[in-house]
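Chemist: Following is a predicted model, sequence given first.
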Amino acid sequence: MYKKFYGFKARPFEITPDPFYVYLSEAHQEALASLQYAIQEGKGFSVITGEAGTGKTTLVHKLLGNLDGRVRTSYIFNPLMDRDDFLLFVCKDLGIDTSAMKSRADSIAALHSFLLSCFARHEKVFLIIDEAHCMEPELLQEVRLMTNLETAKHKLLHVILLGQPELTQILNKTEFRPLKQRITVRYHLSPLNLDETKQYVSYRLKRAGSRNITVFTNSAVKEIYRFSGGIPRLINIICDNALLTGFSSEQKRINREIIRKTAKEMDISPPGKSKIKKIILRTALTAAILLLVLLSAFAVQFHLAYWR
């Protein structure tokens, strides 16, 4: 809608993980290097964590686009399934014929045979699981057991887990100690800082074909950073809607007032304020419950005293 008005060839702030628009901050470059190292060296378990919207999925798509034919992958974008369905999905995703599989044992045997044949051809097989923090404990244990498929010297299946910070808390549980001990590559993806946010916005505008990378004023970019906390997905949402607002009011440049208006309409608060609001609400709720308990106790005592 606003492309022609601002001179774009495409919308610069789509939230889909398009590798064409990938902006690699220093943290993203380090995370990508960690994943590339894991694949090159055939590491057992690798874990990448980060807040929702920091670019973990986009990073995976960038990684998958750079792999050569000697690496086979199964990419699980939604791990909300039971163990049998999960195993069957992995087999199908790797191109294994599942028509003759009648049982779980058949699936494991077929996967093992496939992994051995890949190993003989000097191919590596990686299982990449996105949203891993959503996995049921039984399924996470199943993944660990799948990596027991090995030769005397080499792992046949390698695993990359991507998830929100809760994944670290899950892996720290006693029941997952055997899995945690197998993690050889770990990286936490941080949000962008203010300078990186400026570079990110300019980069996306350029990739969209804009000749004017100052569509957003400096004060507007600062507000974008303040409301988004440097999280790319939120930056995209704010910028896309701000451009729509600017187009509607025929403003060629997006100022901080438009960003504030957009954030308010999208119900996006600065990260710090959101936490403060949650604390205030939690405190108020606790106080209300305590008051209700005290009033109930007082009513009971009054009732007993009245009937004596």
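Modeler: Here it is on my side, so go on.
Chemist: My guess is Leu161 contacts Leu127. True?
Modeler: No: Leu161 lies out of contact with Leu127 (C-beta atoms under 8 Å); the separation is 9.2 Å. Every C-beta, even on glycine, is put in place using the N, C-alpha and C of the backbone.
Chemist: how's this protein carved up into domains?
Modeler: Domain segmentation of the chain under automatic domain parsing yields 3-11+193-265, 26-189, 278-308.
Chemist: any idea where the helices of the stretch 1-150 of the chain begin and end?
Modeler: Assignment of helices within the stretch 1-150 of the chain using DSSP state H, counting those that start in this stretch yields the ranges 3-6, 26-41, 56-65, 83-93, 104-120, 137-146.
Chemist: Now do the second one against helix 56-65, angle only.
Modeler: In this case it means helix 26-41. 40 degrees (axes from the mean of the first three to the mean of the last three C-alpha atoms, to 10 degrees).
Chemist: who does helix 26-41 touch, helix- and strand-wise?
Modeler: The elements that helix 26-41 packs onto, with contact taken as 3 or more C-beta pairs under 8 Å, 6 or more residues apart in numbering; DSSP states H and E, are strand 45-50, helix 56-65, strand 158-163, strand 183-189.
Chemist: Take these and write them to a markdown table, including mean neighbour count, distance to Pro12 and mean pLDDT.
Modeler: Supplementary listing: the helices and strands packed on helix 26-41 in a markdown table, determined by neighbours: other C-beta atoms under 10 Å; distance: least, C-beta to C-beta, whole Å; pLDDT from 0 to 100:
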| stretch | mean neighbour count | distance to Pro12 | mean pLDDT |
| --- | --- | --- | --- |
| strand 45-50 | 24 | 22 | 95 |
| helix 56-65 | 19 | 15 | 90 |
| strand 158-163 | 24 | 25 | 96 |
| strand 183-189 | 17 | 22 | 94 |
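Chemist: closest one to Glu131 among these?
Modeler: Proximity to Glu131 (C-beta to C-beta) singles out strand 158-163 among those, at 6.2 Å.
Chemist: Name the strands paired with the closest one and say parallel or antiparallel.
Modeler: If you go by DSSP bridges, strand 158-163 pairs up with strand 45-50 (parallel), strand 124-129 (parallel).
Chemist: out of these, which comes closest to Ser249?
Modeler: Closest approach to Ser249 among the strands paired with strand 158-163 (C-beta to C-beta): strand 45-50, 35.3 Å.
Chemist: quick one: that closest one to chain centroid distance?
Modeler: The offset between the C-alpha centroid of strand 45-50 and the centroid of the whole chain comes to 10 Å, using C-alpha atoms, centre = their mean, to the nearest Å.
Chemist: List of residues touching it?
Modeler: With C-beta atoms under 8 Å, 6 or more residues apart in numbering as the contact definition, strand 45-50 has outside contacts at 31, 34-35, 38, 56, 59, 132, 147, 158-165, 167-168, 171, 179, 182-190.
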